[in-house]
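Undergrad: Quick one: sequence and predicted model below, then my questions.
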Amino acid sequence: MTIKKNGEKWIVSKFVLQHNHEMLTPRSTSLLRGHRRVSAVQKNLIDTLNESGIPTRKIMSVLSKEHGGDYNISCIPKDIQNYLGNRMKHVLEEGDAQKLYKYVLENERNNPGFVYSIQVDTNGSMGNCFWADGRSTTAYQYFGDVVTFDATYLTNRYKMPFVPFIGVNHHHQSVIFGCALLINEIAESYTWLLKTWLEEMLGRAPSTILTDDDKSMAKAIVKVLPNTTHKLCLWHILQKVPEHLAHVYNRFPQFRYDFNHCIHDTVTIEEFELEWTELLGKYKLEENSWLKTIYVKREKWVPAYLRSIFCAGMSTTQRSESMNKFCKDYVRSSTMVSDFVHQYDKALNAHYLSEKEKDVKTKNQGQL
């Protein structure tokens, strides 16, 4: 297509249908890269939500409601993630990043088995950061069959997602297999982190990994851990049932019992499928979009599909969340990243002390 401007008018002088792309509707043009932008007003709202600990994947929902629909926002989730990632790089003080780098170098020299990896962009700014001490790498070789992997916002100065890799030890206590601070929650960051973590764990992939229902995480896991069974946190999914099915909850008191029985009390896959079909028919939910979405993923969260999968007694990411709460005893909202790693050391030492106490108690009881 050739277009020329003649004064105040545009004139189409040539049009070749065979070389043309299908025209988009006016509603869809906002999705084109050249039309997308994050406005100053949107940036202020994004900053406010981010500082309040709202995950980036939920910020889009708020913007959509504010603008009357996804097509009116003028940006897509990736634009928001890129904005927050670039902002994080500028906010992270140069001196703070340098102190963090000094910390990992000192640990690498003085602590056998300590490993780390820091991403640096073309401008020399610090990006994602991963580290693990020798105790974590050793523990993984013993207890790394099942891992929970959860990105929760810790109250550090930059609101960077804190991502611990958690398992279960011989006392059924949580054990740490390394952790990271990320600049954003996009698939590229998770892919880098999983590849880095797997390399430092001597290339041994877990048999099962448990996460929240996050598309970016899922994409990274498929790419880096293709032979690992990916489970979704059952608790997080069930917590959303009253929200998405409020009309049924309020109208039919029996629905809660029927739904829970279908999920928790069916033993075989055939039993679950039969009860699920009956449940949808009984409450006229065959066309419910949210139920369709979680049903497609049923092999990752429905207990009947996971009976034969070793999960070390874990069906939720609660251990990762508990670790986050545990670390909050040592970290405040004003904590800089360079201080965070030192405070994390204190939390980690306290955690291993608890394990030692259990070891001593078990040995003494065994001698009685």
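TA: Yep, that arrived. Residues are numbered from 1 along each chain as shown.

Undergrad: for the stretch 1-150 of the chain, which spans come out with low pLDDT?
TA: 1-8, 15-35, 50-53, 56-57, 70-72, 85-96, 122-124 (pLDDT under 70).

Undergrad: Outline the domain layout of the protein.
TA: 22-91, 94-233+316-361, 236-305 (automatic domain parsing).

Undergrad: most neighbours per residue, which of the ones you listed?
TA: Most buried of the domains of the chain, by mean neighbour count (mean count of other C-beta atoms under 10 Å): domain 94-233+316-361, with a mean of 18. To be clear about C-beta, it is placed using only N, CA and C from the backbone, and glycine gets the same treatment.

Undergrad: Centre of the chain to that one, how far?
TA: From the chain centre to the centre of domain 94-233+316-361 is a distance of 12 Å (C-alpha atoms, centre = their mean, to the nearest Å).

Undergrad: Need the domains of the chain in CSV (columns: distance to residue 10).
TA: Below are the domains of the chain laid out as CSV (distance: least, C-beta to C-beta, whole Å):
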stretch, distance to residue 10
domain 22-91, 16
domain 94-233+316-361, 39
domain 236-305, 42
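
Undergrad: and residue 12, which of those is closest to it?
TA: Nearest to residue 12, of all the domains of the chain, is domain 22-91, at 13.3 Å by C-beta to C-beta.

Undergrad: circling back: please name whichever of the domains of the chain is nearest to residue 11.
TA: Taking those one by one with C-beta to C-beta, domain 22-91 is closest: 18.5 Å.

Undergrad: what's the closest non-adjacent residue to residue 134?
TA: The shortest distance from residue 134 to any non-neighbouring residue, by C-beta to C-beta, 6 or more residues apart in numbering, is to residue 113 (2.3 Å).

Undergrad: So that neighbour sits against residue 137, correct?
TA: Yes: applying C-beta atoms under 8 Å, one finds residue 113 in contact with residue 137, separated by 5.6 Å.

Undergrad: and residue 311, helix, strand or coil?
TA: coil (DSSP: H, G, I helix; E, B strand; the rest coil).

Undergrad: Quick check: mean pLDDT of the helix or strand hosting residue 359?
TA: Residue 359 is part of helix 337-367, with elements assigned from DSSP states H and E. Confidence over helix 337-367 (mean pLDDT, whole number) is 70.

Undergrad: Now for the residue nearest the centre of the chain: which residues touch it?
TA: Taking C-alpha atoms, centre = their mean as the criterion, residue 151 is the residue nearest the geometric centre of the chain, at 4.4 Å. Going by C-beta atoms under 8 Å, 6 or more residues apart in numbering, residue 151 touches 55, 161, 162, 163, 182, 185, 212, 214, 217.

Undergrad: Skip the chain neighbours and tell me the closest residue to residue 147.
TA: residue 206 (4.4 Å).

Undergrad: Kindly report the same for residue 306.
TA: Residue 306's closest residue in space is residue 231 (C-beta to C-beta, 6+ apart), at 6.5 Å.

Undergrad: any idea which helix or strand carries the spatially closest residue to residue 282 that is not a sequence neighbour?
TA: Among residues not flanking residue 282 along the chain, residue 258 sits closest, at 7.2 Å (C-beta to C-beta, 6+ apart). Here residue 258, judged by DSSP H and E, is contained in helix 254-264.

Undergrad: Show residues contacting that helix.
TA: The contact list for helix 254-264 (C-beta under 8 Å, 6+ apart) reads 234, 238, 241, 245, 248-249, 272, 275-276, 279, 282-283, 302-303.

Undergrad: Can you give the distance from the helix or strand harbouring residue 235 to the centre of its chain?
TA: Taking DSSP H and E as the definition, one finds residue 235 inside helix 234-239. Relative to its chain's centre, helix 234-239 lies at 15 Å (C-alpha atoms, centre = their mean).

Undergrad: per-residue confidence at the residue nearest to the centre of the chain?
TA: 73.

Undergrad: got it, and residue 323?
TA: Looking at residue 323, the pLDDT reads 55.

Undergrad: Ok, residue 198 next?
TA: 94.

Undergrad: which residues touch it?
TA: Counting by C-beta under 8 Å, 6+ apart, residue 198 has contacts 204, 205, 224, 225.

Undergrad: change it to 7 Å
TA: When contacts are counted by C-beta atoms under 7 Å, 6 or more residues apart in numbering, residue 198 touches 205, 224.

Undergrad: Over to the one 10 residues further on?
TA: By C-beta under 7 Å, 6+ apart, the contact list for residue 208 reads 145, 146, 228, 229, 231, 309, 310, 311.

Undergrad: quick one, phi psi at it?
TA: Dihedral pair for residue 208: phi -140, psi 140, per degrees, to the nearest 10.

Undergrad: Check the spacing between it and residue 297 real quick.
TA: In this view, residue 208 and residue 297 are 16 Å apart by C-beta to C-beta, to the nearest Å.
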